[in-house]
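Peer 1: this one's structure only:
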């Protein structure tokens, strides 16, 4: 159990290291956007060089980036924020809920399974996405 906790803390530290801040991205866009600093910050080197050489696509690209920057940060964090392996679904786990046999039926009642999932979510062992995924599997 201690190894699981240590791995969880290690994963959280990696997330903090690889995650990018929207505030930092917007500050870079506003003050150094003419040099494509916000694009380089998000790892978009190719488009950063293109924007740099074309004066932010003649200033239009800089304005468009102001509206799209939040989504670009979210996309970066979804892809690289889980330790940098590029897999968006790295934190998805299959949860199996075992309930003792009551003698009446071999499969536990769906209501009991949903309660068990809710308990796991409340304890922090399941994320909202994992909870909804398992709930969808149970319901249909």
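Peer 2: In hand now; what should we look at? Predicted model only: the values in this text are computed from it and were never measured.
Peer 1: For the rest of this, base every contact and every neighbour count on C-alpha atoms.
Peer 2: OK.
Peer 1: any idea how far residue 77 is from the residue lying closest to residue 117 once chain neighbours are set aside?
Peer 2: Excluding the flanking residues, the one nearest residue 117 by C-alpha to C-alpha, 6 or more residues apart in numbering is residue 131, at 6.6 Å. Between residue 131 and residue 77 the computed distance is 21 Å (C-alpha to C-alpha, to the nearest Å).
Peer 1: packing partners for the helix or strand hosting residue 67?
Peer 2: Applying DSSP states H and E as the criterion places residue 67 in helix 60-80. If you count contacts as 3 or more C-alpha pairs under 8 Å, 6 or more residues apart in numbering; DSSP states H and E, helix 60-80 packs onto helix 22-32.
Peer 1: rewinding a little: residues touching the residue nearest to residue 117, list them.
Peer 2: Going by C-alpha atoms under 8 Å, 6 or more residues apart in numbering, residue 131 touches 117, 118, 121.
Peer 1: That one: which element?
Peer 2: Per DSSP H and E: helix 128-139 holds residue 131.
Peer 1: low-confidence ranges in this protein?
Peer 2: Within the chain, the ranges that satisfy pLDDT under 70 run 1-17, 82-96, 99-108.
Peer 1: now with 50?
Peer 2: Scanning the chain for pLDDT under 50 picks out the ranges 83-88, 90, 106.
Peer 1: how near is the residue nearest the centre of the chain to residue 71?
Peer 2: The residue lying closest to the centre of the chain (C-alpha atoms, centre = their mean) is residue 78, at 3.8 Å. Going from residue 78 to residue 71 by C-alpha to C-alpha gives 10 Å.
Peer 1: Would you mind pulling the contact partners of stretch 18-34?
Peer 2: By C-alpha under 8 Å, 6+ apart, the surrounding residues in contact with stretch 18-34 are 36-38, 41-42, 52, 55-56, 62, 65-66, 69-70, 73, 76-77, 80-84.
Peer 1: which among those end up buried?
Peer 2: For the contacts of stretch 18-34, a neighbour count by 16 or more other C-alpha atoms under 10 Å gives the buried set as 36-38, 41-42, 52, 55-56, 62, 65, 69-70, 73, 76-77, 80-84.
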